[in-house]
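A.B. asks: Okay, here's the prediction I keep looking at, along with the sequence it came from:
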Amino acid sequence: MPSVSAERERWNQKYRENPAAWLEPDPFLAWAFSEHIQPRFPRGGSALDLAGGAGRHSIWLAKHGWEVTLIDLSETGVELTRQNAGPLASHIHLVIDDLTQFRASQIRFDLVIGFFYLQREIFPELVKALQPGGLLLYKTYTTDQLKLPGGPKDAAHLLAPGELLRLVSGMSVLHYRETVVEKATVEIVARKEE
């Protein structure tokens, strides 16, 4: 397991090498927003963006009236968020921190999102970070990615079939899908019980 400083430098380098590659939000966010988030929170709300990097998802949510807290290990990614957000930057609280030790604070969010970041141990804290009735939106790679080009090749960063459902047990699953197309991914929208 790489040290925190090595992991930080690896991501800083990725963001420096190709900052434009980190601008487009994952299409799953827009779909889940129209199907599940907007109907439940028509006036917006508060969101936590885990490992939000250059802010592609935080900025998208801020454009749609949300107040967002982005946490990421990379100073370069967080600075890109600040630059790319422009006038929306005042709606995004930026935090540079190591998520491997994430603990929910007293602040509760209406929405917690995570894209392509996996730290199994923090899932109970993610649920704690949600308001009752809040939504978890999560997407990452599965072990089927080992058979495909690109993406992570360390099983520690890949979910086994059905594992995500176990990680969110106790939540109401509104949407769940595992696919293998160009990438092997799993995605979920789950609601914390009220």
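C.D. replies: Thanks, I have it. Residues are numbered from 1 along each chain as shown.

A.B. asks: Would you point out which residue is most central in the protein?
C.D. replies: The residue lying closest to the centre of the chain (CA atoms, centre = their mean) is Gly114, at 1.6 Å.

A.B. asks: which strands and helices sit next to the lengthiest helix in the chain?
C.D. replies: Counting residues, the longest helix found in the chain (DSSP state H) is helix 4-17. The helices and strands touching helix 4-17, judged by 3 or more CB pairs under 8 Å, 6 or more residues apart in numbering; DSSP states H and E, are helix 75-85. Every C-beta, even on glycine, is put in place using the N, C-alpha and C of the backbone.

A.B. asks: Alpha carbons of the helix it packs on, in CSV - could you do that?
C.D. replies: Taking C-alpha atoms only, helix 75-85 is exported to CSV below (Å, rounded to 0.1, in the frame of the first residue of the first chain):
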residue,chain,number,x,y,z
GLU,A,75,-3.7,19.8,-3.6
THR,A,76,-3.5,20.1,-7.4
GLY,A,77,-6.9,18.6,-7.9
VAL,A,78,-8.4,20.9,-5.2
GLU,A,79,-6.8,23.9,-6.9
LEU,A,80,-8.2,22.9,-10.3
THR,A,81,-11.6,22.7,-8.7
ARG,A,82,-11.2,26.3,-7.4
GLN,A,83,-10.1,27.5,-10.8
ASN,A,84,-12.7,25.6,-12.8
ALA,A,85,-15.6,26.5,-10.5
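
A.B. asks: Could you check the pLDDT of the residue sitting furthest away from the middle of the chain?
C.D. replies: Distance from the C-alpha centroid of the chain peaks at Lys147, with 24.0 Å (CA atoms, centre = their mean). Lys147 carries a pLDDT value of 90.

A.B. asks: Quick check: chain neighbours aside, which residue is closest to it?
C.D. replies: The shortest distance from Lys147 to any residue that is not its chain neighbour, by CB to CB, 6 or more residues apart in numbering, is 7.5 Å, and that residue is Ala184.
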